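Q: missing the sequence, but the structure's below:
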Ligand SMILES: [Zn+2]
Ligand SMILES: [Zn+2]
């Protein structure tokens with residue numbers, strides 16, 4: 001028997017509109033699905049892109065949120081991966097087709113027919129959420145608020161870092177939720193972090209130094225030495241030529257975001273000498289398994305600002321305005 005009841009959710013009805021608090025009947029998990037009671041859901045810049053219409057519009061209404069930590073409270077037929085009472089994390093990748101060429105070649109992040117939590121299926125800006133059991137990850141004894149930002153900022157950051165190669169000197173452009181987590185991983189790996197913030201954002205630069213960055217400055221500045229690789233987390237296209245100028249011959253520039261403003265024209269010579277410019281799209285479940293094992297070993301701690309679920313719009317506003325340090329986390 002699955003108890004009936006109601007849930008609350010912050011719902012997007014149309015792009016550009018604030019989210020509305022609504023009550024709904026508790027959804028039943030379908031075959032292969034679990035329902036979790038949400039403990040915490042972090043706010044990702046992608047949520048902002050969904051709300052602001054920077055991405056192609058998905059189905060509406062939709063409940064945003066794809067950095068969910070919660071407790072399994074109901075299980076659908078065949079959802080054997082998790083047990084009732086278990087704490088799980090639910091990321092952006094909510095499902096894949098399993099049969100397309102990408103799914104069959106360990107590139108499920110590029111699946112032709114994917115499901116995205118909080119974009120094409122309801123997410124975690126809510127008291128409850130339903131997810132595919134095979135796309136949820138056991139979290140164990142963690143602080144839900146600290147763990148929620150790992151589920152996207154951490155996972156996408158980890159995938160971006162892998163794409164950046166194994167160089168020692170890593171530049172991070174945009175020192176927000178993802179960068180502040182990945183800086184801790186870089187330090188644990190023995191790498192040097194160079195943090196680039198909005199020009200004049202002294203508090204972000206101070207935070208970066210506090211997390212072990214060997215240098216922090218404005219994004220228009222050149223680092224004191226050439227970088228082996230740079231990861232751009234800020235959605236700002238003009239950072240692409242800036243980062244290309246900052247990396248050495250053969251260096252790599254990784255665009256870690258799902259959306260970016262247009263990249264201005266730049267001279268070929270800053271790409272030449274075998275510099276590479278690549279993007280990261282979504283995540284694979286393998287990325288999640290790897291990062292969730294590494295995060296405790298590296299002692300990764302999220303800097304968080306907690307908002308009640310009902311204040312999701314204020315959290316989004318603060319992220320949009322650059323008023324946040326670290327990650328915003330909604331708690332029902
Ligand atoms: Zn597929
Ligand atoms: Zn995200």
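A: Looks like it arrived, so ask away. From a predicted model like this one, the values you see are computed outputs, not experimental measurements. Residues are numbered from 1 along each chain as shown. Ligands and ions are numbered 1, 2, ... in the order given.

Q: Does stretch 266-286 reach ligand 1?
A: No. Stretch 266-286 is not in contact with ligand 1 by Cβ under 5 Å from the ion; minimum separation 11.2 Å. For every residue, glycine as well, the C-beta is placed using N, CA and C.

Q: Pull up the gap between residue 13 and ligand 1, please.
A: 30 Å (Cβ to the ion, to the nearest Å).

Q: my guess is that residue meets residue 21, correct?
A: No. Counting by Cβ atoms under 8 Å, residue 13 stays clear of residue 21, with 11.9 Å between them.

Q: Of the two, which one has the most company?
A: Shown here are residue 13 and residue 21; by other Cβ atoms under 10 Å, residue 21 has more neighbours (15 against 12).

Q: Buried residues of the lengthiest strand in the chain, list them for me.
A: For the chain, the strand with the greatest residue count under DSSP state E is strand 33-43. For strand 33-43, burial by neighbour count (16 or more other Cβ atoms under 10 Å) applies to 33, 34, 35, 36, 37, 38, 39, 40, 41, 42, 43.

Q: In stretch 131-143, which residues are buried?
A: 131, 132, 133, 134, 135, 136, 137, 139, 142.

Q: Mind checking which of those land in strands?
A: Counted as lying in strands by DSSP E, out of the buried residues of stretch 131-143, are 131, 132, 137.

Q: List the contacts of the second one.
A: The neighbourhood of residue 132, defined by Cβ atoms under 8 Å, 6 or more residues apart in numbering, consists of 32, 33, 34, 94, 95, 115.

Q: what about the fourth one, distance to residue 32?
A: By that I understand residue 94. 12 Å (Cβ to Cβ, to the nearest Å).

Q: For the stretch 1-150 of the chain, which residues are neighbours of ligand 1?
A: Counting by Cβ under 5 Å from the ion, the residues of the stretch 1-150 of the chain close to ligand 1 are 96, 97, 100, 103, 111.

Q: how about 8 Å then?
A: Within the stretch 1-150 of the chain, the positions adjacent to ligand 1 are 96-104, 108, 110-114 by Cβ under 8 Å from the ion.

Q: check contacts around the nearest residue to residue 218 once chain neighbours are set aside.
A: Spatial nearest neighbour of residue 218, chain neighbours left out: residue 199 (3.6 Å); criterion: Cβ to Cβ, 6 or more residues apart in numbering. For residue 199, the contact set (Cβ under 8 Å, 6+ apart) comprises 218, 219, 220.

Q: gap between stretch 91-100 and the chain center?
A: 16 Å (Cα atoms, centre = their mean, to the nearest Å).

Q: do the same with stretch 303-314
A: The answer for stretch 303-314 is 16 Å, by Cα atoms, centre = their mean.

Q: avg pLDDT for it?
A: Mean pLDDT, stretch 303-314: 97.

Q: Residue 94 and residue 32 - which one has more neighbours?
A: Between residue 94 and residue 32, counted using other Cβ under 10 Å, the more crowded position is residue 94 (23 against 18).

Q: And the more buried one, which helix or strand is it part of?
A: Here residue 94 sits within strand 93-95, counting by DSSP states H and E.

Q: Quickly list what residue 196 is bridged to.
A: Here residue 196 sits in beta bridges with residue 173, residue 217, as judged by DSSP bridges.

Q: Quick check: the gap between it and ligand 2.
A: Counting by Cβ to the ion, the gap from residue 196 to ligand 2 is 20 Å.

Q: which residues sit in contact with that residue?
A: 171, 172, 173, 174, 175, 216, 217, 218, 219, 221, 239, 242.

Q: Give me the nearest residue to residue 16, chain neighbours excluded.
A: Ranked by Cβ to Cβ, 6+ apart and with sequence neighbours excluded, the top spatial neighbour of residue 16 is residue 53, at 5.8 Å.

Q: how many neighbours does that neighbour have?
A: Using other Cβ under 10 Å, residue 53 has 12 other residues around it.

Q: Need the nearest residue in space to the residue in the stretch 201-332 of the chain that ligand 2 sits nearest to, chain neighbours excluded.
A: Nearest residue of the stretch 201-332 of the chain to ligand 2, counting by Cβ to the ion: residue 258, 7.4 Å away. Nearest residue to residue 258, sequence neighbours excluded (Cβ to Cβ, 6+ apart): residue 46, at 5.2 Å.
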